[in-house]
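1. output the structure for:
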Amino acid sequence: MFILFLLFWIILNGRVTAEILLIGALITLFVSFFFYRLLGWRLQYDKILVRNLPLLLLYAGNLIWEILLSTFHVMKLIWNPSGKPDPLMVEFHSGLSGSFLNVLLANSITLTPGTFTVVQEGDRFVIHCLRPEYAEGLDDSSFIHLLRRFRI
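-> You can find the predicted model right below:
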């Protein structure tokens with residue numbers, strides 16, 4: 001986690017000098033201590049993060065793509081005079097094990113325009129959709145396919 005935070009610090013600064021590295025290392029050390037001590041982060045979580053990093057990057061790209069697609073669908077709904085919202089609630093089970101993967105899925109659904117997670121208990125989800133077609137394939141989405149590949 002320390003190295004990840006330090007790399008993030010360097011990216012945010014845009015250049016590398018001794019002063020930036022020293023200050024960044026001190027701040028990163030403090031933030032890492034906070035993660036380990038107060039939030040209960042463990043070294044094994046770092047190993048899991050490194051092992052799944054390529055998949056996490058792929059997931060982030062997929063999330064950005066889905067957000068862009070959904071944004072255009074919702075914009076079409078708003079700009080079309082005959083396009084009316086027809087909201088509904090959908091319940092499904094993700095089949096994912098572990099709270100981290102289910103929370104990640106719940107947050108991804110909420111970040112995608114036109115849908116948001118109302119309830120997430122274990123692998124049970126209740127999703128509010130702005131239109132019925134937004135609910136199609138929620139239980140078999142690209143998010144779930146990618147999350148099933150994670151090794152936790």
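
2. pop the domain breakdown of the protein in here.
-> Following automatic domain parsing, one gets these domains for the chain: 2-46, 54-148.

3. so where do the helices sit in this protein?
-> 2-13, 18-37, 43-51, 53-79, 99-111, 132-135, 142-148 (DSSP state H).

4. between those helices, which one is closest to Pro87.
-> Between Pro87 and the helices of the chain, the tightest spacing by Cβ to Cβ is seen for helix 132-135, at 9.0 Å. Glycine gets a C-beta too; all of them are placed from N, C-alpha and C.

5. now that closest one: buried residues?
-> Within helix 132-135, the residues scored as buried using 16 or more other Cβ atoms under 10 Å are 134-135.

6. helices and strands of the chain: which one bottoms out on pLDDT?
-> One helix or strand of the chain scores below all others by mean pLDDT, DSSP states H and E: helix 43-51, with a mean of 76.

7. and for that helix, what are the contacting residues?
-> Under the criterion Cβ atoms under 8 Å, 6 or more residues apart in numbering, residues 1, 4, 56, 151-152 lie in contact with helix 43-51.

8. report pLDDT for the residue of the chain most remote from its centre.
-> Using Cα atoms, centre = their mean, the residue of the chain lying farthest from its centre is Ala18. It sits 33.7 Å away. Confidence at Ala18, expressed as pLDDT, is 91.

9. cool, Leu101 as well?
-> Per-residue confidence (pLDDT) for Leu101: 89.
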